[in-house]
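K.L.:
next input, structure requested:
(4 chains)
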There are 2 protein chains.
Amino acid sequence: MADRAAVPEVIWARPERAGRGPKPAFRRADIAAAAVRIADGGGLDAVSMRHVAAELGCGTMSLYNYVPRKEDLYELMVDAVSGEHEEWAPSGDWRADMIRVAHQARTLMHRHPWLPRLMSPVYGFSPNALRYLEHCLACLDPVEATYGMKMQLVGLLNGVVTMYVTNELATAERSRSLPWSEDQENAVRIAYLGSQIAGGAYPRMAAAFMEDPGPIDLDAVFDMALAKVLDAFDPERG
Amino acid sequence: MADRAAVPEVIWARPERAGRGPKPAFRRADIAAAAVRIADGGGLDAVSMRHVAAELGCGTMSLYNYVPRKEDLYELMVDAVSGEHEEWAPSGDWRADMIRVAHQARTLMHRHPWLPRLMSPVYGFSPNALRYLEHCLACLDPVEATYGMKMQLVGLLNGVVTMYVTNELATAERSRSLPWSEDQENAVRIAYLGSQIAGGAYPRMAAAFMEDPGPIDLDAVFDMALAKVLDAFDPERG
DNA sequence: TCGTAGTTACGTACACCGTACGTAGTGCGC
DNA sequence: GCGCACTACGTACGGTGTACGTAACTACGA
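P.N.:
Numbers count the residues shown, from 1 in each chain, chains lettered A, B, ... in the order given. Model prediction:
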């Protein structure tokens, strides 16, 4: 029987093919792809071991030959979509390169709306995560700073992107598990907010909603925040 | 029988005490406190309807008289701990005030490590969230900017705090659901990282880990990121 | 070459989850 | 004081992750 002891391991250190026994029916990439397909279509909550196994056409428990815990399935998923990051030869303009990186990350998260929820530094060791990080560092070669500082910049940038997309998707993803529509929910919340503001207890919020800047351009908001963060790290500024 | 139809509603708009019938055994605050107690002690995954009901000493299904869905229980929890935010008269130095706000938020999230996972703009309508936001805006009164811009600053700041604490807590919270210790897991991951770096495929990451800046001071890292974000929004800079 | 150990495959079973629904009892509004 | 909205809560259903046992299969050591 296989060793089922609770021994710490990273899934990437485990060989895809063991020496003995019949040859595995799937590769890790197949499993990750199936899980990603399900998550893209039905949301992260639709990703269950039974569901993924069914998508692959095998028994539920067979999955556990490839993935010791469901957590590891998540790790496979994050790595799989991290592989969609396009890389390029650094242009020499680190600011432009970082903006491109950030835009790409945002696009990726919009394509896979479950990604922000799974973003975690503990997944930063996967093969594609390492490639991505190395690429970011390469883009930052022109910057005069320690690698520690560069890592912080990359981390902060990724975090800001994750956060913005999380907020952009919040109501949409929430409505997936709700028995009524996103618009209905929003209307009710706005109505409640209005009633609270009308009480006069929140004068500045009232003023804020009086401003009425028209429809919000999420792309512009994102670009502005991005620019500000890059400004803050620009060594050529005060 | 009560109306069980799937009608959109905000829990805050529902009156605590209905006109008819026996008087409720609990207040919303009791329920929120019980859930927070459980989450603080056993992690967010320990918060189940059965568990919370047991903590309160009532039947599981009785909870649904107060909280239509589990999601709403989460909303109660976030509001409850948001009430722990201390408020003060703005000092006139908006930068100092925002730093204090950020530090307080970080402390709060360390006290309730499940908070970052529940942070969502859709919970921004709760009573205590509104009070918090109004207080932030009050601290920003000295700043010459539109309320829209101020809201963005507050949002970005909260997001950055959330993100940093999420990362700070990531391995600790993860180890809660793992059958081995955090240190063991870290050791295995670092070992794997070392083996990958030794391959020579990631020269910059190798260099980064050669730098060896000694033990990382998380507080200092946080403060630096915070300062940079505030710099980015400072109208007195370039 | 052959036995055997290690592997794959997977059905069954268990504990737990959110919650739909039915029923009984309570007390306010008419 | 009647009726009804509300509280309370037991039961039950369909889902979850996964421990464990068993059967089939293959590469290696003898």
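K.L.:
ok, then the element right after the top helix by length along chain A?
P.N.:
If you go by DSSP state H, chain A has its longest helix at helix A:147-175. Next along the chain after helix A:147-175, taking DSSP states H and E as the criterion, comes helix A:182-198.
K.L.:
can you give me the angle that next one makes with helix A:147-175?
P.N.:
Between helix A:182-198 and helix A:147-175, the angle comes out at 100 degrees (axes from the mean of the first three to the mean of the last three C-alpha atoms, to 10 degrees).
K.L.:
can you tell if helix A:182-198 touches chain B?
P.N.:
Yes - judged by C-beta under 8 Å from any C-beta of the partner chain, helix A:182-198 and chain B are in contact via A:184-185, A:187-189, A:192-193, A:195-196. From N, CA and C alone the C-beta is placed, and that goes for glycine too.
K.L.:
what residues go with each domain of chain A?
P.N.:
With domains defined by automatic domain parsing, chain A comprises A:22-81, A:84-176+A:216-233.
K.L.:
and the first one, does that touch chain B?
P.N.:
Yes - between domain A:22-81 and chain B, judged by C-beta under 8 Å from any C-beta, the touching residues are A:E71.
K.L.:
that domain: how far from the chain's middle?
P.N.:
18 Å (C-alpha atoms, centre = their mean, to the nearest Å).
K.L.:
what's the end-to-end length of that domain?
P.N.:
Using C-alpha to C-alpha, to the nearest Å, the end-to-end distance of domain A:22-81 comes to 29 Å.
K.L.:
is DNA strand D within reach of it?
P.N.:
Yes - using C-beta under 7 Å from any atom of the strand, domain A:22-81 reaches DNA strand D at A:22-23, A:47-51, A:60-61, A:64, A:69-71.
K.L.:
and these, which are buried?
P.N.:
Among the residues of domain A:22-81 next to DNA strand D, those classed as buried by 16 or more other C-beta atoms under 10 Å in any protein chain shown are A:47, A:49, A:51, A:64, A:70.
K.L.:
for the last one, give me its contacts.
P.N.:
Taking C-beta atoms under 8 Å, 6 or more residues apart in numbering or on different chains as the contact definition, A:K70 lies against A:M49.
K.L.:
assign A:E86 to helix, strand or coil.
P.N.:
At A:E86 the chain is in coil, as set by DSSP: H, G, I helix; E, B strand; the rest coil.
K.L.:
could you measure from the closest residue to it other than its chain neighbours over to chain B?
P.N.:
Leaving aside its sequence neighbours, A:E86 sits nearest to A:Q104 (C-beta to C-beta, 6 or more residues apart in numbering or on different chains; 6.4 Å). Distance of A:Q104 to chain B, computed by C-beta to the nearest C-beta, to the nearest Å: 19 Å.
K.L.:
likewise for A:L178?
P.N.:
Using C-beta to the nearest C-beta, A:L178 is found at 8 Å from chain B.
K.L.:
isn't that residue right up against A:E185?
P.N.:
Yes - applying C-beta atoms under 8 Å as the test, A:L178 and A:E185 come out as touching, 6.3 Å apart.
K.L.:
neighbour count: these two, which is higher?
P.N.:
Taking other C-beta atoms under 10 Å in any protein chain shown, A:L178 and A:E185 do not tie; A:E185 has more neighbours (18 against 15).
K.L.:
can you pull the contacts of the more buried one?
P.N.:
Counting by C-beta under 8 Å, 6+ apart, A:E185 touches A:171, A:174-175, A:178, B:8.
K.L.:
filter the residues you listed to the buried ones?
P.N.:
Listed as buried from those are A:171, A:175, B:8; burial here means 16+ other C-beta under 10 Å.
K.L.:
separation between the second one and chain B?
P.N.:
What it means is A:S175. 10 Å.
K.L.:
please list which of the residues of helix A:182-198 next to chain B are also close to DNA strand C.
P.N.:
When C-beta under 7 Å from any atom of the strand is applied, no member of those is adjacent to DNA strand C.
K.L.:
return the residues of chain A in contact with DNA strand C.
P.N.:
Counting by C-beta under 7 Å from any atom of the strand, the residues of chain A close to DNA strand C are A:1-3, A:17-26, A:58-62, A:64-66.
K.L.:
derive a PyMOL selection command for the buried subset of the residues you listed.
P.N.:
Burial among those is assessed by 16+ other C-beta under 10 Å; the matching PyMOL selection reads:
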select buried, chain A and resi 26+58+64+66
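K.L.:
among the residues of chain A next to DNA strand C, which lie within helices?
P.N.:
Using DSSP H, none of the residues of chain A next to DNA strand C sit in helices.
K.L.:
TSV for the domains of chain A, including mean pLDDT?
P.N.:
Output for the domains of chain A, formatted as TSV (pLDDT from 0 to 100):
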stretch	mean pLDDT
domain A:22-81	96
domain A:84-176+A:216-233	95
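K.L.:
start and end of stretch A:194-203, how far apart?
P.N.:
Using C-alpha to C-alpha, one end of stretch A:194-203 lies 12 Å from the other.
K.L.:
return the set of buried residues in it.
P.N.:
Buried residues in stretch A:194-203, counted by 16+ other C-beta under 10 Å: A:196-197, A:202.
K.L.:
what's the average pLDDT for that stretch?
P.N.:
Summarised as a single mean, pLDDT over stretch A:194-203 is 92.
K.L.:
quick one: it to chain centroid distance?
P.N.:
Its chain's C-alpha centre and that of stretch A:194-203 lie 36 Å apart, by C-alpha atoms, centre = their mean.
K.L.:
same thing with stretch A:11-27?
P.N.:
28 Å.
K.L.:
how about stretch A:141-155?
P.N.:
22 Å.
K.L.:
kindly check the end-to-end length of that stretch for me.
P.N.:
End-to-end distance of stretch A:141-155 (C-alpha to C-alpha): 16 Å.
K.L.:
name the residues that touch it?
P.N.:
Here stretch A:141-155 makes contact (C-beta under 8 Å, 6+ apart) with A:90, A:92-94, A:98, A:133, A:136-137, A:140, A:233, A:235, B:167, B:204, B:207-208, B:211, B:213, B:221, B:224-225.
K.L.:
and the nearest residue to A:K23 once chain neighbours are set aside, how far from A:A35?
P.N.:
For A:K23, ignoring the flanking residues on the chain, the nearest one in space by C-beta to C-beta, 6+ apart is A:R17 at 6.9 Å. The gap separating A:R17 from A:A35 is 20 Å, by C-beta to C-beta, to the nearest Å.
K.L.:
angle of the helix or strand that contains A:Y74 against helix B:147-175?
P.N.:
Assigned by DSSP H and E, A:Y74 belongs to helix A:70-82. Going by the same axes, to 10 degrees, helix A:70-82 is angled at 130 degrees with respect to helix B:147-175.
K.L.:
name the residues of helix A:70-82 that are buried.
P.N.:
Neighbour-count burial for helix A:70-82, counted by 16+ other C-beta under 10 Å, picks out A:70, A:72-82.
K.L.:
how about those in JSON lines, adding distance to B:N128?
P.N.:
Output for the buried residues of helix A:70-82, formatted as JSON lines (distance: C-beta to C-beta, whole Å):
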{"residue": "A:K70", "distance to B:N128": "34"}
{"residue": "A:D72", "distance to B:N128": "38"}
{"residue": "A:L73", "distance to B:N128": "37"}
{"residue": "A:Y74", "distance to B:N128": "32"}
{"residue": "A:E75", "distance to B:N128": "36"}
{"residue": "A:L76", "distance to B:N128": "39"}
{"residue": "A:M77", "distance to B:N128": "35"}
{"residue": "A:V78", "distance to B:N128": "33"}
{"residue": "A:D79", "distance to B:N128": "39"}
{"residue": "A:A80", "distance to B:N128": "40"}
{"residue": "A:V81", "distance to B:N128": "36"}
{"residue": "A:S82", "distance to B:N128": "37"}
